[in-house]
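> output the structure for:
(chains A, B, C, D, E and F)
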Number of protein chains: 6
Amino acid sequence: MRPSGRDVREMRPVSIETDVTRHAEGSCLIRCGDTHVLCTASIDERVPPWMKNSGLGWVTAEYGMLPRATHSRMQREAKKGQSGRTQEIQRLIGRSLRAAVDRSALGERQITVDCDVIQADGGTRCASITGGWVALRLAVNKLMKAGMISSDPLTDHVAAVSCGIYAGQPVLDLDYPEDSEAGVDGNFVMTGGRRLIEVQMSAEGATYSRDQMNTLLDLADAGVGTLVGAQKAALG
Amino acid sequence: MRPSGRDVREMRPVSIETDVTRHAEGSCLIRCGDTHVLCTASIDERVPPWMKNSGLGWVTAEYGMLPRATHSRMQREAKKGQSGRTQEIQRLIGRSLRAAVDRSALGERQITVDCDVIQADGGTRCASITGGWVALRLAVNKLMKAGMISSDPLTDHVAAVSCGIYAGQPVLDLDYPEDSEAGVDGNFVMTGGRRLIEVQMSAEGATYSRDQMNTLLDLADAGVGTLVGAQKAALG
Amino acid sequence: MRPSGRDVREMRPVSIETDVTRHAEGSCLIRCGDTHVLCTASIDERVPPWMKNSGLGWVTAEYGMLPRATHSRMQREAKKGQSGRTQEIQRLIGRSLRAAVDRSALGERQITVDCDVIQADGGTRCASITGGWVALRLAVNKLMKAGMISSDPLTDHVAAVSCGIYAGQPVLDLDYPEDSEAGVDGNFVMTGGRRLIEVQMSAEGATYSRDQMNTLLDLADAGVGTLVGAQKAALG
Amino acid sequence: MRPSGRDVREMRPVSIETDVTRHAEGSCLIRCGDTHVLCTASIDERVPPWMKNSGLGWVTAEYGMLPRATHSRMQREAKKGQSGRTQEIQRLIGRSLRAAVDRSALGERQITVDCDVIQADGGTRCASITGGWVALRLAVNKLMKAGMISSDPLTDHVAAVSCGIYAGQPVLDLDYPEDSEAGVDGNFVMTGGRRLIEVQMSAEGATYSRDQMNTLLDLADAGVGTLVGAQKAALG
Amino acid sequence: MRPSGRDVREMRPVSIETDVTRHAEGSCLIRCGDTHVLCTASIDERVPPWMKNSGLGWVTAEYGMLPRATHSRMQREAKKGQSGRTQEIQRLIGRSLRAAVDRSALGERQITVDCDVIQADGGTRCASITGGWVALRLAVNKLMKAGMISSDPLTDHVAAVSCGIYAGQPVLDLDYPEDSEAGVDGNFVMTGGRRLIEVQMSAEGATYSRDQMNTLLDLADAGVGTLVGAQKAALG
Amino acid sequence: MRPSGRDVREMRPVSIETDVTRHAEGSCLIRCGDTHVLCTASIDERVPPWMKNSGLGWVTAEYGMLPRATHSRMQREAKKGQSGRTQEIQRLIGRSLRAAVDRSALGERQITVDCDVIQADGGTRCASITGGWVALRLAVNKLMKAGMISSDPLTDHVAAVSCGIYAGQPVLDLDYPEDSEAGVDGNFVMTGGRRLIEVQMSAEGATYSRDQMNTLLDLADAGVGTLVGAQKAALG
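I've put the predicted structure just below:
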């Protein structure tokens, strides 16, 4: 019944390849099926001006898509400016990652996580969060190895998955054909300990009930478990 | 324990004054405590180009804040462009209102709902949705009275309220002092029949559990009931 | 002969309601017939960089229109940037208010007067000046009560009215139907003592003579008298 | 008493050199003392979309300054966008020229008058209007010679001069040192028949009386007479 | 003597992996040492409006860099707009590719070649041209296989390499450490038949002689030979 | 055979008029046939922030065209921002002039050379470089006369000319009708001693051989000789 033939509780294959670029302090290429996102974490020893002398660090994120990451070519945002959708997504990624950061332990420095979609097939914001956390983890590891921070500022894993109601059925990990048809569409960000960080569920044409919401949350819980496993495997 | 002295389940006083501007097809001024939003609905007999000859209508929303709606003056967006936050909010308002619109019954025309915050004290996006629906209702009534549409395209009320965990306690209808301190912050959009349209819950520093999420949903359910009552009273 | 049935020397009813918003140091809602403008004055203890250590203060103004203040909806300036018309108007408001400010008595601080048109029916720039002055007066009063300035920096009232030649006849206080048809259109800014601050008279299709100019100035003089009376009444 | 040693009623030397560029349908270089403006008129056989099939033509103007036209170098507007001042000036030039155009006789075409300040010493907007009219006249002559229009759409000359109160004295044709110190500053646009097109008088620090206004108008009347003479001489 | 230990006539290892993304009609990942560029070719059956009904096709290019492609993170162009450097590079890529396109044989369609730098170590514009041609070749192959065009519009290979004078010595294929120190720096675009398409040689601090220019051209000639070989190998 | 009737080795008449504007530290109007460019050099005693305390000066350039410098009117860049072409040209002018500047002898100050095209007939970037150098020379002379710098920072003349292959023949100094038809088009920047600073040769439709390139370089060498002579004559 799913276009991909997957079971309703079946995720797409996930792979996370680390240290894929030479310059970034942390990096990975995450593949969730045909959605591929390159994530890099860049350390800047300066924080934004309004945060100076606070003793606290900052984690922020930016998101982009290559023009031909999608089925038909999209106009380059460098030419027209960032869309509302892009800004909304990068705010979500940054907020999600910060929810498991001890900013005091990080110290007064900023880490920028860039998530650039090389190929898109639905779920790019969730893949960005899951891969972005791995890049962040690697950059923080580098700071710790260098003795620049003493206690680990990352309090837990952070991962995200989408679920939705497709053709009347709750399904896990929507791909693009499902996402574009789903009546209800949710993104769920959780910690490794499965605490909630962000829930965003939108009706697209059809409203939904509390029961349906709970079913999707159960699916997401299982999906995040799989993703956290993939993060651990990638980090060795 | 709440800065305002309200009980945890107590909403701020709500008032909705209709037909407050002379030109708009529908309008109201909604006051949720000290948050005041002017909502207008404008009918355009043309739809966006990519929707032509679809037989379907469209409802969209825009959001703004007067520069001194807030405690300290903010720079005017006409000078610097719409922020990511503004775009995110107006996308939410439009999506929420459309969830209870039969676009086919509306016919090929567009209604733009403008929500301009005159004074802000937290919860401006929720007040915009609740008031925006009243303006939309009034504009649609005008179309029906004029015989331009025959069956009502609005399938139910739409209203929204925020809830959060403030000082460790789940509370209903956050005002600004609560909102700026809350560890978890959610916006809940529902229909009159209390079906869910959009749930957005963010951890701000602290993560949250499924139980806490359910408690906030219960609070929101009650709050939306009150707001729908206010909508009905205003519409007479 | 006038669309509103008014006599050529008759102004629209004027009302000025003060302290209409909670956050601004000074505020009023001015209504000149169906033209309604919300004016707020915001005090900033810093002046622009190029004015630092001059010992002088600054008064500036910004102007905006809600998208549906007009008969048909206009595009929001936050989306397209401020038009030349908007910039011209806000430069006029600022210049006019400064003409009756002793910048040395104000001291090194800036007051920004925001004029946002809630509903438009012609004469919005004049209403903005007249209402803006009331907001400025209230903000300055607050500074004086707080002992932050000792001598009053406002040297006189400032008010403005439009006049024009409509259907061949000089008329006072143009409303929108008149404004859009007038062959000559002028804005007159004066002090309470009826000294001139700014005169702007434009031919729109028809040129005009010195005599006609003088007739309009006489009308404006009377109109400003009425407006200054309304300012005094509002301030109690 | 004037920095230039001129008498209060004495204008700067005016010269208007025509046909100074090869491509434009009409062009001149106007020199008012050390203020030099290159004016070109470009004919476009299409009008703006909203004017199509109206049978009416349009005259519009644009204004710019070379970066080193002024005492110290200004940032290039191509880099930062047109300032409010630039937009205000070009709106004034266009409005002034249109006041003496029979748009029906012009026929459905647009003439764009570009006024680019090569060197500035005060009064650039007035020089632009006076020189812009000559460029417009030459372009219209070309249309008439080519038989594209049969009756002359230019109903009279248009010229402009500034006057102000400098060091307490009304003076004609302000140069930059005067302009930057003047307590009252006015721009006066008139026809050859000395009908008024636009009057703009601003207090800069000092307010002014009706009598002072009339004195400046008298000065301006004489100045425009001189400028119209220079236009006639240049056109041969 | 070269930082990399390479001989003056030695290029970095080149690899071209084709069909690396799922959606684009043609794509490759070109690696010239540590410079990695993802090139995609997107077919659009419409040409720009000004080319309609000409019977001719168009090839254009766009260029971008991921923010952390470089040693230290650069600001995202989606946030600040395309720099002059970016525009100059993408104009060069498009012009170079078009030099070996028979636009009539291509027919009235447009192919956009996107070159996105994943990792940078000097020579990104040359790698973009060399890889971009492979993506273009693959997209054109697809059109030919589909019978949409009958005769091959690509008249020859196009490839590019940089050469410069580093530490007083002419060297082939500058990497970043060489590029940032070179006194003379040139980019050479040639066809497979080693005809010249574009030569750009700039003095950076030191001027150069005709002899030096010829030495660099000889080096480039050899380098392009190697690159064309790599293109052929990649295309099988 | 050339549209102008010129011999293939014949340049257009060149004239350079110095000190044409009152405010700039150095200025000239260069005329290469019907291409007229106003060049000014402006001294700023501050360097850009990232160059502070380096002891080195900076020379930069900006380029613009009046809207009606061309056959048909172009849109003003102040309205739409600088095009890629404009940015490419001004980067070339600045780079070319800097190649013959001893930045240490200049001392920590910046000179901005503005090149504004008054009338265009091909070769505007070359005329800008040739005229820009004269303006720069005059500004540096002023600094030396004032004793602000002791040893001459200009190490040689800088001049530029275009050559191309028109109707199958190599020709010197392309005018617009030639430039728009040329199959190969090159810009050559050299010093007075005929060392090369920048060579840019582009195929426009037709590729070219090394022999053709050398022929164009020979033509350019002669042309630059003529231009340097004109510079010397103008400087007296």
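> C-alpha only now, for contacts and for neighbours.
Fine.
> at which residues are the helices of chain A located?
In chain A, the segments counted as helices under DSSP state H are A:77-80, A:84-98, A:103-106, A:124-145, A:176-179, A:210-235.
> what does the second one contact?
Counting contacts by Cα atoms under 8 Å, 6 or more residues apart in numbering or on different chains, the residues outside helix A:84-98 that touch it are A:58-64, A:113, A:125, A:128-129, A:133, A:158, A:189, A:197-198, B:84-85, B:87-88, B:203-205.
> need the residues of chain A near chain B, please.
Contact residues, chain A versus chain B (Cα under 8 Å from any Cα of the partner chain): A:84-85, A:87-88, A:95-96, A:98-100, A:195-210.
> ok, now which ones touch the closest residue to residue A:172 other than its chain neighbours?
Distance criterion Cα to Cα, 6 or more residues apart in numbering or on different chains; nearest residue to residue A:172, sequence neighbours excluded, is residue A:163 at 4.6 Å. For residue A:163, the contact set (Cα under 8 Å, 6+ apart) comprises A:170, A:171, A:172, A:173, A:174, A:185, A:186, A:187, A:188, A:216, A:219, A:220.
> residue A:189 bridge partners, please.
residue A:160, residue A:198 (DSSP bridges).
> how many residues are close by the residue in chain A positioned nearest to chain E?
Residue nearest to chain E within chain A: residue A:78 (3.7 Å; Cα to the nearest Cα). Residue A:78 sits with 18 neighbouring residues when counted by other Cα atoms under 10 Å in any protein chain shown.
> tell me how far whatever residue of chain A ends up closest to chain F lies from chain C.
Proximity of chain A to chain F (Cα to the nearest Cα) peaks at residue A:79, 11.8 Å away. Separation of residue A:79 from chain C (Cα to the nearest Cα, to the nearest Å): 16 Å.
> what's the distance between that residue and residue A:71?
For residue A:79, the distance to residue A:71 equals 20 Å [Cα to Cα, to the nearest Å].
> so how far is the helix or strand bottoming out on mean pLDDT in chain A from its chain's centroid?
Ranked by mean pLDDT, DSSP states H and E, the weakest helix or strand in chain A is helix A:77-80, scoring a mean of 93. Averaging C-alpha positions (Cα atoms, centre = their mean, to the nearest Å) puts helix A:77-80 23 Å from its chain's average.
> try stretch A:117-134
Centre to centre, stretch against its chain (Cα atoms, centre = their mean), the figure for stretch A:117-134 is 5 Å.
> could you find the closest non-adjacent residue to the most centrally placed residue in chain A?
The residue lying closest to the centre of chain A (Cα atoms, centre = their mean) is residue A:129, at 1.3 Å. Distance criterion Cα to Cα, 6+ apart; nearest residue to residue A:129, sequence neighbours excluded, is residue A:93 at 5.6 Å.
> not counting its neighbours along the chain, what's nearest the spatially most distant residue from the centre of chain A?
Residue distances from the centre of chain A (Cα atoms, centre = their mean) peak at residue A:53, which lies 29.8 Å from the mean C-alpha position. Excluding the flanking residues, the one nearest residue A:53 by Cα to Cα, 6+ apart is residue A:108, at 7.6 Å.
> go on, residue A:162?
Nearest to residue A:162 is residue A:187, by Cα to Cα, 6+ apart, at 4.4 Å.
> residue A:74 now?
residue A:67 (5.0 Å).
> need phi/psi at that neighbour.
phi -60, psi -30 (degrees, to the nearest 10).
> burial count for the nearest residue to residue A:31 once chain neighbours are set aside?
Among residues not flanking residue A:31 along the chain, residue A:15 sits closest, at 5.2 Å (Cα to Cα, 6+ apart). By other Cα under 10 Å, 19 other residues sit near residue A:15.
> who's in contact with residue A:10?
Per Cα under 8 Å, 6+ apart, neighbours of residue A:10: A:172, A:173.
> separation between it and chain D?
53 Å.
> what does that residue show for phi and psi?
Torsion angles, degrees, to the nearest 10, at residue A:10: phi -100, psi 130.
> how far away is it from residue A:2?
10 Å.
> circling back to that earlier point, can you tell me which of the contacts of residue A:163 are buried?
The neighbour count (16 or more other Cα atoms under 10 Å in any protein chain shown) marks A:170, A:171, A:172, A:173, A:174, A:185, A:186, A:187, A:188, A:216, A:219, A:220 as buried among the contacts of residue A:163.
> tell me which of those residues has the lowest pLDDT.
Within the set of the buried ones among the contacts of residue A:163, pLDDT is lowest for residue A:185 (93).
> how about that residue: what's its closest non-neighbour residue?
In space, residue A:185 is closest to residue A:164, 4.3 Å off (Cα to Cα, 6+ apart).
> correct me if wrong: the one you found contacts residue A:175.
No. Checked against Cα atoms under 8 Å, the pair residue A:164 and residue A:175 is beyond contact range at 10.4 Å.
> quick one: which of these two has more around it?
residue A:164 (31 against 24).
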